[in-house]
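Engineer: predicted model follows, preceded by the sequence.
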Amino acid sequence: MVYRSMLVHGLCVKWGFEKNLFVASALVFVYVTTGRIYEAKIVFDGMVKRDTVLWAVMFAGYAQHVEPLLSLEVYRNMICEGVELNDVVMVNLLLNCSVWALLQQHEDEKQH
C-alpha cells in the first residue's frame, strides 16, 4: 500500500496535480492511514491553499499516531492563516488534547 501511495504521489507530481486541493487531501489521508505521518506533513506543507478537510485530516493523523504536540503547531498555523474552526476540526483538535492528557498521565504514573 505504501509503495502504491508513493507511486500515485509521483504520478500526481509528474502530471501537475500535486497542488490540487482534492488530490492533496487524498494523499495526506493515504499517508496518514499507512503510518507515514511525516510524508503527510510534507504534502500538507506544500499546499498554498488549505481547506478544512485538509486541516482535519492532518489533525486526525496526529491523533492517530500519538503526536498531539505537533497538532498544536498545526493548529497555531491554522489560526495564523485565519481559518475558522468547524465541527470536524474541533473534534480532531479535542482528540489530540485528550491524547496529550493520556500521555501526561502515563508519564506521571511512570515517575511514581
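Structural biologist: Arrived safely, thanks for sending.

Engineer: okay, buried residues for the helix or strand harbouring residue 109 please.
Structural biologist: Residue 109 is located in helix 87-111, with elements delineated by DSSP states H and E. Residues of helix 87-111 classed as buried under the neighbour-count rule (16 or more other Cβ atoms under 10 Å) are 89, 92-93, 95-96, 99-100. For glycine as for every other residue, the C-beta is placed from the backbone atoms N, C-alpha and C.

Engineer: please enumerate the helices of the chain.
Structural biologist: 2-15, 21-33, 37-45, 52-64, 68-80, 87-111 (DSSP state H).

Engineer: report the distance from the longest one to the chain centre.
Structural biologist: Going by Cα atoms, centre = their mean, to the nearest Å, the spacing between the C-alpha centre of helix 87-111 and its chain's C-alpha centre is 16 Å.

Engineer: would you point out which residue is most central in the chain?
Structural biologist: The centroid of the chain falls nearest to residue 58 when counting by Cα atoms, centre = their mean (1.6 Å).

Engineer: that one contacts residue 25, correct?
Structural biologist: No - the pair residue 58 and residue 25 fails to qualify as a contact (Cβ atoms under 8 Å) at a distance of 9.6 Å.

Engineer: for residue 85, phi and psi?
Structural biologist: phi -70, psi 140 (degrees, to the nearest 10).

Engineer: so what's residue 25 up against?
Structural biologist: 51, 53-54, 57 (Cβ atoms under 8 Å, 6 or more residues apart in numbering).

Engineer: what's the separation between it and residue 65?
Structural biologist: 18 Å (Cβ to Cβ, to the nearest Å).
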